[in-house]
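Asks: Structure, please.
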Amino acid sequence: MTVLPDDGLTLASEFPEAPHEQWQHLVAGVLRKSGKEVSGDAAEDALSTLLEDGLDVRPLYTADTARENAPDAGLPGFAPFVRGARAEGNTLGGWDVRQRHLAADNDAVLADLENGVTSLWLGAGIPVSSLAAVLDGVYLDLAPVVLDAGEDTAAAAERLLDLYAERGVADDAARGNLGADPLGHQARTGTATYDLASVAGLARRCTDRYPGLRALTVDALPYHEAGGSAAQELGCSLATGVAYLRGLTAAGLSVAEACAQLEFRYAATADQFLTIAKLRAARRLWARVAEVCGAPAAGAQRQHAVTSPVMMTRRDPWVNMLRTTVATLAAGVGGADSVTVLPFDDALGLPDAFARRIARNTSTVLIDESHLARVVDPAGGSWYVERLTDELAHAAWEFFRSIEQAGGQEAALRSGTVGERLAETWSARSRRLATRREPITGVSEFPHLTEKPVERAPAPAQPTGGLPRVRRDEAYEALRARSDAHLAATGSRPRVYLAALGPAAAHSARLSFAANLFQAGGIEPVTEGTFEESGAREACLCSSDALYAEQAATAAAGLRAAGAEHILLAGRPGDHPGVDSYLFAGCDAVALLSTALDRMGVS
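Replies: So this is what the prediction gives:
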């Protein structure tokens, strides 16, 4: 081993520690240049970002801010399990790469298992009668199987257990989850078609005979897909898990046995730090539940993370590969035991072989090439992550308490309390999406209007009747669908003429802004030639504020004389004769575009 000589360098130790106030003073100087006269704490507040659930992301975190009210996260494998349910984390081989299958396609199942997938998640679109064929050639003692059969849970579970026996799989070699989730099914369908009592027997059998099988899933995806926040997703999962503990212990299982029968499923989004914090907070919260129930050692939560269906887009679906990569990274860093990467074309129907390959290889690259799983809790110790984990845990616990006060998860679902709270959250988020404060790349930002749509075979129908399923792109997708119908009927899209005033330096920024916004609604911007040649019925002025003051009124009059029925201006509302409406950062783009399509006769 080479020993480096002591050269007397002390690096940063000779520099004086910079006080917090000095940093705030520098921030105030930068903000002053942008016209904001603030100082001290107000300067720091100006750079903060407000998230859902009242979480406030600060621009700077220090050891002192991280320690404020934050408990010790402990060590991996020990309560409160914030840093992981197992001491070794995923370092021995990476997380379980769990691929979802919605159709009875044995070739696809085998291709996944032969190319990196380590467990199977079989959706409700696969009939119970097809289980044997779907799993033909699968080594059931090596590949865990997770069922998601809805009201057919009991029949599907019995068939899978029969397959284990028929294929000579030892009882202690069976791995996976039978997927019973009556409250999750109620959330999806609005009806309680089967109850916990009907699956308690499965939990007893797994406890006594199949130590590697779990009987129940606590699926938080219905709440995430209904527009819920991270804290609401966690709160609903806690309330559901507590309801299952009550039911299983009433059926004769101990608290430790009941905990061992549960696996929790969460959404992983492209907000990587919030996802990391969510998974860490979920383990801490469940550890608290187990502690209160008298079984602290049983509080190591088993987690299955699924890349968010809400964030997946139907337009420019290739960008979904980037979203799922970030989400998978976050799930791995957050300590998920199993990760499902939804294929990039998931929102369009059944994925093709290429999409499935990219999905499974996302985990493979992160595990084998990026070595992401070689460190247990790589985000642990980050002042930001630790503080965010703590704040999210508190917000989720409050939401959980509100559900318990409403009578528990079943009662809160039945009364509509959960649905109402989720709808409020989604309504607020929809406003951010509509104003593009929350941008969607390829949809509300940088849309590709001429791209050929990606087509896929339809996926099996999903359960309906309960909580809604929302997507971030839904408002813009409705606008684009109107434009597509107009194109099919007339051979052209609705158009708007962009009238650039002055030199490029004056108009280029707002010209790009306007073109981007109009394309998000399926309206084709025309920048070449004259208004008469454009085929448009409306026009939008694009330039600087200074040139608007000099030329906007004259330009608007000229466009009106040329036949423009409506004149828009890219900029803040002002006193511009002849201008009918304005485009500006933060305007309600969805409402503006919908109204424009109405005026253009696009139904």
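Asks: If you count residues, where's the longest helix of the protein?
Replies: Secondary structure assigned by DSSP state H gives helix 383-405 as the longest helix of the chain.
Asks: Quick one: list the elements packing against it.
Replies: When contacts are defined as 3 or more C-beta pairs under 8 Å, 6 or more residues apart in numbering; DSSP states H and E, helix 383-405 sits against helix 63-67, helix 230-250, helix 272-292, helix 417-434. All C-beta spots, glycine's among them, are computed from the backbone N, C-alpha and C.
Asks: who does the last one touch, helix- and strand-wise?
Replies: It stands for helix 417-434. Other elements packing on helix 417-434 under the criterion 3+ C-beta pairs under 8 Å, 6+ apart are helix 230-250, helix 383-405, helix 409-415, helix 474-490, helix 589-599.
Asks: Can you check what angle separates the first one from helix 417-434?
Replies: Read that as helix 230-250. 160 degrees (axes from the mean of the first three to the mean of the last three C-alpha atoms, to 10 degrees).
Asks: In helix 230-250, which residues are buried?
Replies: 230-245, 247-249 (16 or more other C-beta atoms under 10 Å).
Asks: Output that helix as PDB, restricted to C-alpha atoms.
Replies: What follows is helix 230-250, C-alpha atoms only, in PDB (Å, rounded to 0.1, in the frame of the first residue of the first chain):
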ATOM      1  CA  ALA A 230     -47.300  11.700  -1.000                       C
ATOM      2  CA  ALA A 231     -48.500  12.200   2.500                       C
ATOM      3  CA  GLN A 232     -52.000  11.100   1.500                       C
ATOM      4  CA  GLU A 233     -50.700   8.000  -0.200                       C
ATOM      5  CA  LEU A 234     -48.700   7.100   2.900                       C
ATOM      6  CA  GLY A 235     -51.600   7.900   5.200                       C
ATOM      7  CA  CYS A 236     -54.000   5.600   3.300                       C
ATOM      8  CA  SER A 237     -51.400   2.800   3.300                       C
ATOM      9  CA  LEU A 238     -51.000   3.100   7.000                       C
ATOM     10  CA  ALA A 239     -54.800   3.100   7.600                       C
ATOM     11  CA  THR A 240     -55.200   0.100   5.300                       C
ATOM     12  CA  GLY A 241     -52.300  -1.800   7.000                       C
ATOM     13  CA  VAL A 242     -53.700  -1.100  10.400                       C
ATOM     14  CA  ALA A 243     -57.100  -2.400   9.300                       C
ATOM     15  CA  TYR A 244     -55.500  -5.600   8.100                       C
ATOM     16  CA  LEU A 245     -53.600  -6.000  11.300                       C
ATOM     17  CA  ARG A 246     -56.900  -5.700  13.200                       C
ATOM     18  CA  GLY A 247     -58.600  -8.300  11.000                       C
ATOM     19  CA  LEU A 248     -55.700 -10.800  11.000                       C
ATOM     20  CA  THR A 249     -55.200 -10.700  14.700                       C
ATOM     21  CA  ALA A 250     -58.900 -11.100  15.300                       C
END
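Asks: Can you give me the buried ones in the longest helix of the chain?
Replies: Quick answer for helix 383-405 (16+ other C-beta under 10 Å): 383-397, 399-400, 402-404.
Asks: what does stretch 339-349 give?
Replies: When burial is assessed from 16+ other C-beta under 10 Å, stretch 339-349 yields the following buried residues: 339-349.
Asks: ditto for stretch 491-506
Replies: Residues of stretch 491-506 classed as buried: 493-501, 506 (neighbour count, 16+ other C-beta under 10 Å).
Asks: got the end-to-end distance for it?
Replies: For stretch 491-506, the first and last residues are 34 Å from each other (C-alpha to C-alpha, to the nearest Å).
Asks: Check stretch 453-472 too.
Replies: One end of stretch 453-472 sits 18 Å from the other (C-alpha to C-alpha).
Asks: could you give me the average pLDDT of that stretch?
Replies: Stretch 453-472 comes out with an average pLDDT of 95.
Asks: In it, which of the residues would be classed as buried?
Replies: 454, 456, 459, 463, 466-467, 469-472.
Asks: now, which of these sits nearest residue 581?
Replies: Proximity of the buried residues of stretch 453-472 to residue 581 (C-beta to C-beta) peaks at residue 472, which lies at 25.5 Å.
Asks: That closest one: what secondary structure?
Replies: The three-state label given to residue 472 by DSSP: H, G, I helix; E, B strand; the rest coil is coil.
Asks: cool, residue 91 as well?
Replies: Judged by three-state DSSP, the three-state class of residue 91 is coil.
Asks: and it, what pLDDT?
Replies: So residue 91 comes in at 92 (pLDDT).
Asks: And residue 475, by the same measure?
Replies: The score at residue 475 is 98. That number is its pLDDT.
Asks: surely it meets residue 434?
Replies: Yes. Between residue 475 and residue 434 there is a contact at 6.1 Å, judged by C-beta atoms under 8 Å.
Asks: Identify the contacts common to the two.
Replies: residue 590 (C-beta atoms under 8 Å, 6 or more residues apart in numbering).
Asks: returning to what we had before: so can I have CSV of the helices and strands packed on helix 383-405 showing distance to residue 314 and mean pLDDT?
Replies: Compiled in CSV, the helices and strands packed on helix 383-405 are given as follows (distance: least, C-beta to C-beta, whole Å; pLDDT from 0 to 100):
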stretch, distance to residue 314, mean pLDDT
helix 63-67, 40, 73
helix 230-250, 23, 97
helix 272-292, 23, 97
helix 417-434, 15, 98
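Asks: CSV for these, including distance to residue 106?
Replies: Output for the helices and strands packed on helix 383-405, formatted as CSV (distance: least, C-beta to C-beta, whole Å):
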stretch, distance to residue 106
helix 63-67, 51
helix 230-250, 33
helix 272-292, 33
helix 417-434, 37
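Asks: what about those, which gets the closest to residue 141?
Replies: Among those, helix 230-250 sits nearest to residue 141 (C-beta to C-beta), with 26.7 Å.
Asks: quick one: residue 28 from residue 79, how far?
Replies: To residue 79, residue 28 is 44 Å away according to C-beta to C-beta, to the nearest Å.
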